[in-house]
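Visitor: Using only what follows, build the 3D model:
(chains A, B, C and D)
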Number of protein chains: 4
Amino acid sequence: MSDGKVKVGIVGASGYSGEELLNILLRHPGVELTVATSRQYAGQKVRDIFPRFSHYPSGQGLIFEEPDPGVFGLKADCFFLALPHGVAHEYAAPLLDQGRKVIDLSADFRMDEAGIYQEFYGHEHPCPELLSRSIYGLPEIYRESIIGADLIASPGCYPTSILIPLIPLVEQELIRPESIIANSLSGVSGAGRNASIPYLFVECNESMRPYGIPKHRYLAEIEQELSKAAGKKIVIQFSPHLIPVNRGILSTIYVTPLDAISSAEEAHQWNEKLQTVYSEYYAESAFVRVLGMDRLPDTKNVTGTNVLEFGWQIDVRTGRFVLMSAEDNLIKGAGGQAVQSFNLSYGLPEIAGLI
Amino acid sequence: MSDGKVKVGIVGASGYSGEELLNILLRHPGVELTVATSRQYAGQKVRDIFPRFSHYPSGQGLIFEEPDPGVFGLKADCFFLALPHGVAHEYAAPLLDQGRKVIDLSADFRMDEAGIYQEFYGHEHPCPELLSRSIYGLPEIYRESIIGADLIASPGCYPTSILIPLIPLVEQELIRPESIIANSLSGVSGAGRNASIPYLFVECNESMRPYGIPKHRYLAEIEQELSKAAGKKIVIQFSPHLIPVNRGILSTIYVTPLDAISSAEEAHQWNEKLQTVYSEYYAESAFVRVLGMDRLPDTKNVTGTNVLEFGWQIDVRTGRFVLMSAEDNLIKGAGGQAVQSFNLSYGLPEIAGLI
Amino acid sequence: MSDGKVKVGIVGASGYSGEELLNILLRHPGVELTVATSRQYAGQKVRDIFPRFSHYPSGQGLIFEEPDPGVFGLKADCFFLALPHGVAHEYAAPLLDQGRKVIDLSADFRMDEAGIYQEFYGHEHPCPELLSRSIYGLPEIYRESIIGADLIASPGCYPTSILIPLIPLVEQELIRPESIIANSLSGVSGAGRNASIPYLFVECNESMRPYGIPKHRYLAEIEQELSKAAGKKIVIQFSPHLIPVNRGILSTIYVTPLDAISSAEEAHQWNEKLQTVYSEYYAESAFVRVLGMDRLPDTKNVTGTNVLEFGWQIDVRTGRFVLMSAEDNLIKGAGGQAVQSFNLSYGLPEIAGLI
Amino acid sequence: MSDGKVKVGIVGASGYSGEELLNILLRHPGVELTVATSRQYAGQKVRDIFPRFSHYPSGQGLIFEEPDPGVFGLKADCFFLALPHGVAHEYAAPLLDQGRKVIDLSADFRMDEAGIYQEFYGHEHPCPELLSRSIYGLPEIYRESIIGADLIASPGCYPTSILIPLIPLVEQELIRPESIIANSLSGVSGAGRNASIPYLFVECNESMRPYGIPKHRYLAEIEQELSKAAGKKIVIQFSPHLIPVNRGILSTIYVTPLDAISSAEEAHQWNEKLQTVYSEYYAESAFVRVLGMDRLPDTKNVTGTNVLEFGWQIDVRTGRFVLMSAEDNLIKGAGGQAVQSFNLSYGLPEIAGLI
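Guide: So this is what the prediction gives:
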């Protein structure tokens, strides 16, 4: 640390998640950002590539460097990895060997079991020995474990929006797990900053489309975490869709409660139950906004923030709950959540740099 | 008729559905458009209010007139009503009395029973005696009945996108009705051309939001039609969402088949079954594009056309079908479908003016 | 011809202009589309790649083929080339040798002089001998010459929007040529269907940006055509900008009249003069909508059509005219205009297939 | 002050500018926000109306109140007025009488002369006696005067984007004033949060359109400030356009230098001159980003920030400079700039609460 600040690096700082990490960490009061890597922009000033940050007081001299962990590993205490799935381990292993803390935004270290990874990602896990060392970085659920962790696997964007409303219900056995259906909508930044025709402006604007149905790889971590909360294996339905907004995820989740709802009175009681369960569960969570019943989420109320908001309706006609959550996929769904874990792991206020 | 063309009028021609009817009917080879009403623009030329149509050879002299059925009723044989719910009957009744044909785009005549209307629309039906006379104008299902009809209730936009994929499955008892969940996304034109803050550009752009959950009034006609196909009462889940596109509806529909799917082999058989059922059911339907399995819809493939396309996935893990449909809410979901019924009712080719 | 229809081919049918040509030509009453080439999709059905056209009665069996002029040249009488700049000549020369008609949408044959091409495009013109044979396919200006042409160079999107309002004023020496400033806005489809990061949805949405200033290559043809109209060399200012819409060009053009405006009375006289000049000049032009003064264009009034609309204001404070034009860059600015020339060259009604 | 913080109020806090002021002031380290008025939402919690701010630590209990200056005037030292033009004076006068500081975001106090106001706004100025007391709150130009001011007229969004690039050139007599043409593009939030059909999503999306040409009322303050910088009367051309983005203004400004450019060498010298002039002029201005030549602005690089960025090209063919500037219309063009003046007037760091 210098001036009591943690020296921090971002590996893969020119994608959308990396750019959001730059945005947050350059203004974080407890951070000195000393490393930003980018193969594409190596040797160029961060402020020239991302003029939008060039008036921030810090980072004026920061230069993108080649992603060589032998070199950059010496310059910081903690590294955020914002890399494609399947690549992060090449950096995580040597950095951990050098005694650095690693917060990874990819899926590489999110699975408890290498077999699940292989089932959903289609190839063998490259370093299964690190899986038991990593902590799933969902602070609202694993706050205590994150505090001591040196390898944090920050959750995926869709999983965050689905797990936060569901985990309390699953944990307390209030719903039938096999009834869970998550219908999710994502903005286009979720596809990354990659030159690809399906993500051109003209291909996305005035378009709405499903994709990755029925077995999207994010199911691996969603089902793992729900299963852990339930104490038994859970399989769910998950359907992502691409929507022409830059940012935002909206998940509409259908579940059937364990005890049937057959009257307005029962629906009323269920609503009070849900209100109580969620209020208690997230009492200490500054970034979870429980909207309650009849107040529906809107992604524009959360984009640009680290907040996940959710509400619900109770349908007495069908006997289902409809849970609806909204978050910014690049903040609560990526960079912001990773910084939240960072704050916890260094004993900083959980909201530092995030409000 | 003049030159063998049907004289046609549009009542309420300055909303989004009315404008789309203008667009279609001004170029329809079998139509002479003689009436377009608009309280707001009465006395002004259609070509001045909608310059986008001003180079069409027909309609050059057409002037918006006051919606007085005693006057305009004399000028055409068939009238399209593109009016808000609850108002259409004021025009339908006198026009029918004058021996005119009426194609109504509102919900006023879609219900078989006045009681259902009252339950979902919140007030007594204004002219229940006309309900038994009207035909639900979904040509793919009611083609024969439409041919002789003089009062056609053109279906709602969401219902069309949900009924076309579901009716064959319900009719043939292939799925469990209580499992049906329809998660639908709509473009903003669905809200009509009304000055209202929630539909301002800034409120919708970069926003995704659910609304009208859990008991949207479109459920009335969706459940009525599914129940008729099933021969028993069906209740479903329906969740609409507002998405920042001008046009388009995308419905993602979850259903559980009657016979469980527990292996890839069974999924394969189900796929062949679905392919057969739909191919036969829609063999004569030029505007239904059956995509089959693994080909997912995209609203941009149907906007600007009268086509509804849908495909499906079969999830062997959860045992569900995921049906996905896309349409243009103002064409197949409103004006285009109404013209399709018009064509049928006058013995014109079903595709006239629609390709 | 078969059934009196012209056999037509599209070379490069999978870019945005090629796709628009497919859209128009598949429904053109005087055309049988027999060839569509696409290196990328060779061997695949057009209806599978572009499902949006799959319900058109014609083209059901059309298959994309490799762009080999020795093969496809035998299958049609007229070819539209929708290829990148610098490539078209490889197809035009052999097709012309085979006696085919060629309508080229690139810049390759728009210049009268090879030297101007080299100045603006940065390399020697590949086949200068064809330049004198080609006709600049702006039907409103060169209608007579297009009728007999076998090599038509269809104008660029920006140039069309600038030339139509300016040519009558320049030709009649009403304005000071050196005062011309054209500030133009284009939708993103103008950049083509190319995988490139600057045209990703996220990079364009919520962005407005200038580019190619001050010497965009479209100046070559704009200045050539203005100079021909004036009978002397004209140099202008032209500034393109990228705007987050799929389609549309809006040009705001500033000019100073030859006779100063110093009173409201003079402004009034100028307005009458402009109204007369334009009404006469474009009296036969179905696709030019002269809005006059005080009625401003809007791209949404022309997108999806082959119409260019323009209006003007006269600023008595500054002494300038402000001319404002709008068009669909893919129709009047590309495929539609090319078909307009095609119609003329085959003696078909100019509007055939375009309304 | 409490805890050394300035007590501040926002009058008209539910429009787009008012909402942006809430966003900034709730997080401003030197501010205690004690008043937010809204006729529409009086009695409701700010956090319920604007959930997006509800996780900010401050403002938890803030309730919208009726805009009664006799009541709210007692609760703060400084008031921001975010009201429609023509209304602000009703609040400014009594607040000043009570010894409060007023920062007005409307046009009411921007004119030095009541006659100019009347010419452009179409009615007599309601309290001309306050005009001499107010300071035009463009901190980059009037930093010194703002420090002591108690009535600050914060500039308009378009004027800010035009004045910052032009004032140094006009002041130093480098350009011909009569050559100035400002072609500006604005996002839709510039139209305010008013229920009005032309600003509905469907009317703006996929639309580009000019408006208010040729004599938009913003010309009043643009010409006043340029004239003051020049020491003589300046009249310019200004053309605003509406573009489908939420936020952002892009101005492309054409000017002819006093000394002609007729060679690349002269262009080079001019570029060095411009670089020097601007670097010196804005050396102390943290929110002005001088891009120089060949680096073009993009609104997405400034939206969400208080930065105005601008660059230029020098056209040796036409002899003109093309200046291009970008800003966020609601921040540098409204709320952010007003807070910048607030900071100056209270002796706080100019960037407080703005980075």
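Visitor: any idea how far chain C is from the residue nearest to A:A220 when sequence neighbours are not counted?
Guide: The shortest distance from A:A220 to any non-neighbouring residue, by CB to CB, 6 or more residues apart in numbering or on different chains, is to A:F120 (3.9 Å). Glycine gets a C-beta too; all of them are placed from N, C-alpha and C. Distance from A:F120 to chain C, counting by CB to the nearest CB, to the nearest Å: 26 Å.
Visitor: Phi first, then psi, for the residue positioned nearest the centre of chain A.
Guide: Ranked by distance to the mean C-alpha position of chain A (CA atoms, centre = their mean), the top residue is A:G333 at 3.2 Å. Dihedral pair for A:G333: phi -90, psi 0, per degrees, to the nearest 10.
Visitor: which residue packs closest to it, ignoring adjacent ones?
Guide: Excluding its sequence neighbours, the residue lying closest to A:G333 (CB to CB, 6+ apart) is A:C157, at 3.0 Å.
Visitor: quick one, what contacts that neighbour?
Guide: Contacts for A:C157 (CB atoms under 8 Å, 6 or more residues apart in numbering or on different chains) come out as A:S186, A:G190, A:I249, A:E327, A:N329, A:L330, A:G333, A:A334.
Visitor: those strands in the stretch 201-350 of chain A, which residues are they?
Guide: In the stretch 201-350 of chain A, the strands defined using DSSP state E, counting those that start in this stretch lie at A:209-210, A:237-242, A:249-255, A:288-293, A:308-315, A:320-327.
Visitor: from the chain's centre, how far out does the first one sit?
Guide: The offset between the C-alpha centroid of strand A:209-210 and the centroid of the whole chain comes to 21 Å, using CA atoms, centre = their mean, to the nearest Å.
Visitor: other SSEs contacting that strand?
Guide: strand A:237-242, strand B:249-255 (3 or more CB pairs under 8 Å, 6 or more residues apart in numbering or on different chains; DSSP states H and E).
Visitor: by how many degrees do the first one and strand A:249-255 diverge?
Guide: What that stands for is strand A:237-242. If you take axes from the mean of the first three to the mean of the last three CA atoms, to 10 degrees, strand A:237-242 sits at 160 degrees to strand A:249-255.
Visitor: got the angle for strand A:237-242 vs strand B:308-315?
Guide: Going by the same axes, to 10 degrees, strand A:237-242 makes 140 degrees with strand B:308-315.
Visitor: quick one: strand A:237-242 to chain centroid distance?
Guide: With CA atoms, centre = their mean, you get 16 Å for strand A:237-242.
Visitor: In its sheet, which strands sit next to it, and in what direction?
Guide: Take DSSP bridges as the rule and strand A:237-242 pairs in its sheet with strand A:181-186 (parallel), strand A:209-210 (antiparallel).
Visitor: what's next to that strand, contact-wise?
Guide: Residues contacting strand A:237-242 (CB under 8 Å, 6+ apart): A:158, A:162, A:180-186, A:188, A:190-191, A:204, A:207-214, A:216, A:218-219, A:222, B:183, B:185, B:250, B:252, B:254, B:315, B:318, B:320, B:322.
Visitor: For PyMOL, write the select line for the buried members of those residues.
Guide: Buried members of the contacts of strand A:237-242, defined by 16 or more other CB atoms under 10 Å in any protein chain shown, are picked up in PyMOL with:
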select buried, (chain A and resi 158+162+180+181+182+183+184+185+186+188+190+191+204+207+208+209+210+212+213+214+216+218+219+222) or (chain B and resi 183+185+250+252+254+315+318+320+322)
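Visitor: Make sure the residue nearest to A:A220 is indeed in a strand.
Guide: No: per DSSP: H, G, I helix; E, B strand; the rest coil, A:F120 lies outside any strand segment and is helix.
Visitor: how many neighbours does it have?
Guide: 18 (other CB atoms under 10 Å in any protein chain shown).
Visitor: Check the one 10 residues further on too.
Guide: The number of residues packed around A:L130, counting by other CB under 10 Å, is 20.
Visitor: what does the one 10 residues further on give?
Guide: Here the neighbour count serves as a burial measure; for A:E140 (other CB under 10 Å) it reads 21.
Visitor: Do I have it right that it meets A:A283?
Guide: No: contact between A:E140 and A:A283 fails when scored by CB atoms under 8 Å: they sit 10.7 Å apart.
Visitor: Pull up the gap between whichever residue of the stretch 1-150 of chain A sits closest to chain B and chain C, please.
Guide: Residue of the stretch 1-150 of chain A nearest chain B, by CB to the nearest CB: A:E119 (10.8 Å). Plainly put, A:E119 is 31 Å away from chain C if you go by CB to the nearest CB.
Visitor: Which residue is the nearest non-sequential neighbour of that residue?
Guide: Nearest in space to A:E119, with sequence neighbours left out and distances taken as CB to CB, 6+ apart, is A:A220 at 7.2 Å.
Visitor: Verify the stated contact: the one you found with A:G122.
Guide: No: using CB under 8 Å, A:A220 is not in contact with A:G122, being 11.1 Å away.
Visitor: Pick out whichever of the two has more residues nearby.
Guide: Legend: neighbour count by other CB under 10 Å for A:A220 and A:G122, higher for A:A220 (22 against 9).
Visitor: Count the residues that sit near A:K233.
Guide: Applying other CB under 10 Å, I find that A:K233 has 10 neighbouring residues.
Visitor: Mind pulling up the pLDDT for it?
Guide: According to the prediction, A:K233 has pLDDT 98.
Visitor: give me the number of residues near the residue in the stretch 251-355 of chain A that chain D sits nearest to?
Guide: Using CB to the nearest CB, the closest approach of the stretch 251-355 of chain A to chain D is made by A:N301 at 4.6 Å. Number of residues near A:N301 (other CB under 10 Å) recorded here: 21.
Visitor: Tell me the spatial nearest neighbour of A:I162, not counting adjacent residues.
Guide: Nearest-residue entry for A:I162: A:A182, 4.8 Å, with adjacent residues in sequence omitted and distances by CB to CB, 6+ apart.
Visitor: so how far is A:P159 from the one you found?
Guide: 10 Å (CB to CB, to the nearest Å).
Visitor: what's the answer for A:A13, then?
Guide: Separation of A:A13 from A:P159 (CB to CB): 23 Å.
Visitor: and if you look at A:D77?
Guide: Counting by CB to CB - A:D77 and A:P159 are separated by 28 Å.
Visitor: can you give me the angle the host helix or strand of A:Y142 makes with strand A:288-293?
Guide: Per DSSP states H and E, A:Y142 falls inside helix A:139-147. Helix A:139-147 runs at 160 degrees relative to strand A:288-293, counting by the same axes, to 10 degrees.
Visitor: Which strands border the helix or strand following helix A:139-147, and is each parallel or antiparallel?
Guide: Once helix A:139-147 ends, the next helix or strand along the chain (criterion: DSSP H and E) is strand A:151-153. Taking DSSP bridges as the criterion, strand A:151-153 sits next to strand A:101-104 (parallel), strand A:135-136 (parallel) in its sheet.
Visitor: Provide the contact partners of the longest one at residue level.
Guide: The contact list for strand A:101-104 (CB under 8 Å, 6+ apart) reads A:77-81, A:83, A:88, A:91-92, A:95-96, A:134, A:137, A:149-154, A:338, A:341-342, A:345.
Visitor: Apply 7 Å and report the result again.
Guide: Applying CB atoms under 7 Å, 6 or more residues apart in numbering or on different chains, the contact partners of strand A:101-104 are A:77-81, A:88, A:92, A:95-96, A:137, A:150-154, A:338, A:341-342, A:345.
Visitor: Out of those, which sit inside helices?
Guide: A:A92, A:L95, A:L96, A:A338, A:S341, A:F342, A:S345 (DSSP state H).
Visitor: now those in JSON lines, with neighbour count?
Guide: Below are the ones in helices among the contacts of strand A:101-104 laid out as JSON lines (neighbours: other CB atoms under 10 Å in any protein chain shown):
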{"residue": "A:A92", "neighbour count": "29"}
{"residue": "A:L95", "neighbour count": "24"}
{"residue": "A:L96", "neighbour count": "17"}
{"residue": "A:A338", "neighbour count": "28"}
{"residue": "A:S341", "neighbour count": "26"}
{"residue": "A:F342", "neighbour count": "29"}
{"residue": "A:S345", "neighbour count": "22"}
